[in-house]
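Asker: have a look at this prediction, sequence included:
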Amino acid sequence: MENQQVRGDGWTRRAVLGTAVGAAAGAYGLALGLAAEVPSTFDGKSFKLWAPEPNAKRGGILRYEVPNAPAHFDVHQQGASILTQGCMYDSLIRRDPRDSGQTIIPDLAHSWEVAKDGKTYTFFLRKGVKFHDGGDFTAEDVQATFQRILFPPQGFNSPRTPLFSTVEAIKVRDPYTIEFTLREPRPKAFILGAFASGWNVIVRKKTLEDSNYNLRQVLNYPGTGPFRHVKRVDKEVWVMERNPDYWNEGLPYLDGIEFYHFDPFSPPLGAALFSGRIDYARLLDQVSLKKLQTTPGMAGTGYYQSAIQAVWVNNAKKPFNEPRVRRAMHLTFDRPVLVDVVKDIAPMLVGGFLYPFSDWATPPPQLAERLGYQAETTAALKEARQLLAAAGYAKGIKGVDFMVRDALSFKTWAPAVQAMLQEIGIETTLRTVQPSVWFGEAQRGTFDITINIQASTLIDPSDYFHAWYSKDGPQNFSQWHNPAFEDLLSQIDRELDEAKRKDLVRQAEAIFEQDPPLLPVSWEKINDGWFTYVKGHNPYNYFGIYDVVRFDTFWLDK
């Protein structure tokens, strides 16, 4: 751990942090989501997935970089592990890699039916699919997988559990037909999107039973996916080989994949790509992206990330249980400056409590007029000081423990956030911890404030409102609770009329502004880079790095 006390010599945000950038109203692009209405009935018995290019070549080893090594191996219980383990597994249905995951297509279920009343989802499964250990895939494996996610055993904590809060029963109709019954209907795109999540992979029932339903320390549990485990060197490389018995005949094209671990946005990552040590890199820094875009034989792109960058404020501790204190902290953040601070690391977006590039959020031009998001901060700072005084802290707050997750962007932001808070008399001490330590301390609440990134599964607010903001949300590290919001959340979940649902979401946003569950820092647009001989992928419209991670359509043109 590192400790750093804020300097007391009168830092000013303009002198120390640089000049604020203008509002990025035109930089948010189109809203993401499904490209078309998801059909209620889909017959995909003859569906086959192929590479998007004709005459794809077979063979070769793809050397692929992913950020950090997983803290454990249970895909259902965490996020980063899917980047390496995703290729070993399949889902019930999936997002199409050929259109950046904008369309839902068959996977282990070749077809589906949604009842007219929206309360029954039936999936028809492929026959003849084998797990890597030779076991037969049946509906019992699907049932066991989702029983674990939907009705978690003691000690199991998954951010995806809230996605299925309305599911009350899972019925095996026969070995290749499974039925999910809902207590009440939900928007169809939301439910099918939840099933299509890359995290909700199907695990063999026998594997779960043999491991007492705890996969955290099980390195190689069998899947049905296009690749299978060969070896792993901790924090260095994870080697996969082609599954010769993969059910989608003709896939995968690659002989194998080697996953290498680098710190995101770091100079060594860019150097590894340019030197040819790896073929594909994720979370490249901005300088490297600009360089490779002008380098023959290389290509790259930025895309929106399915995550918020924020400061969580521990509501279980005084004075942070006081909404006026948190509102004051929220107002002191100069978000255009925070975006500017990391512009050479990653492109960021000013935004509030909802994905700013989605149709659900307040449009960026309107948000830029709101206190806390304006480039001119005088009025926001004035109100922040008034709120602290009204809450009984006119002289400020001392000795605040500021836990910082060890990553380049967070360590760059932390002194800037620290200086901004000091402007209203809140003095913090920075404490930097490794990611594995961060998650443990965040869950135990052993911090005053902390900075981190937190991902969601879907762009729909019913997902991340539950995970990040609800009372028992698995990622509600602030331990925030607002009864009025909880009432609204249940209405948002049930409402099927899109216009009415958006109005409810805006009401929830108004609650967040006055009683912040966390303090948004920014929203990320991250960078991928690769050699142009890497084919079979389409990252240009990804919703984050986690959704399309199967690699079955990748191939090497060399």
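Answerer: Yep, that arrived. Residues are numbered from 1 along each chain as shown.

Asker: beta partners of Leu556?
Answerer: On the basis of DSSP bridges, Leu556 is bridged to Val534.

Asker: am I right that it is in contact with Thr532?
Answerer: No. Judged on C-beta atoms under 8 Å, Leu556 makes no contact with Thr532 at a distance of 10.8 Å. The way it works is simple: take the backbone N, C-alpha and C, and place the C-beta from them, glycine included.

Asker: identify the residue spatially nearest to Phe554, adjacent ones excluded.
Answerer: Among residues not flanking Phe554 along the chain, Gly536 sits closest, at 4.3 Å (C-beta to C-beta, 6 or more residues apart in numbering).

Asker: oops, could you answer that again for Ser111 instead?
Answerer: Once flanking residues are discounted, Ser111 sits nearest to Phe124: 4.4 Å by C-beta to C-beta, 6+ apart.

Asker: check contacts around the one you found.
Answerer: Shown in contact with Phe124 (C-beta atoms under 8 Å, 6 or more residues apart in numbering): Ala109, His110, Ser111, Trp112, Glu113, Tyr176, Thr177.

Asker: adjacent strands (with direction) for the helix or strand containing it?
Answerer: Taking DSSP states H and E as the criterion, Phe124 maps to strand 120-125. Paired neighbours of strand 120-125 in the sheet (DSSP bridges): strand 109-114 (antiparallel), strand 177-182 (antiparallel).

Asker: bridged to the residue nearest to Ser111, which residues?
Answerer: Beta-bridge partners, per DSSP bridges, of Phe124: Ser111, Thr177.

Asker: who has more neighbours out of Leu556 and Thr532?
Answerer: Ranked by neighbour count (other C-beta atoms under 10 Å), Leu556 and Thr532 place Leu556 first, with 20 against 12.

Asker: let me know the pLDDT of Asp472.
Answerer: Here the pLDDT value assigned to Asp472 is 88.

Asker: now for the longest helix anywhere in the chain, which elements pack on it?
Answerer: Secondary structure of the chain per DSSP state H: the longest helix is helix 498-514. Packed against helix 498-514 by the contact rule (3 or more C-beta pairs under 8 Å, 6 or more residues apart in numbering; DSSP states H and E) you find helix 323-332, helix 483-494.

Asker: which parts of the stretch 201-350 of the chain are strands?
Answerer: With DSSP state E, counting those that start in this stretch applied, the stretch 201-350 of the chain shows strands at 227-233, 237-242, 256-262, 280-282, 298-313, 348-349, listed in chain order.

Asker: rewinding a little: looking at the strands paired with strand 120-125, which is closest to Glu513?
Answerer: strand 177-182 (32.3 Å; C-beta to C-beta).

Asker: what about the closest one, distance to the chain center?
Answerer: 27 Å (C-alpha atoms, centre = their mean, to the nearest Å).

Asker: residues in contact with the closest residue in space to Tyr542 that isn't next to it in sequence?
Answerer: Closest residue to Tyr542 apart from its sequence neighbours, by C-beta to C-beta, 6+ apart: Tyr303 at 4.5 Å. Taking C-beta under 8 Å, 6+ apart as the contact definition, Tyr303 lies against Ser100, Lys525, Ile526, Asp528, Pro539, Tyr540, Asn541, Tyr542, Phe543, Gly544.

Asker: closest one to Ser358 out of the contacts of Phe124, please.
Answerer: When the contacts of Phe124 are compared against Ser358 (criterion: C-beta to C-beta), the nearest one is Trp112, at 25.6 Å.
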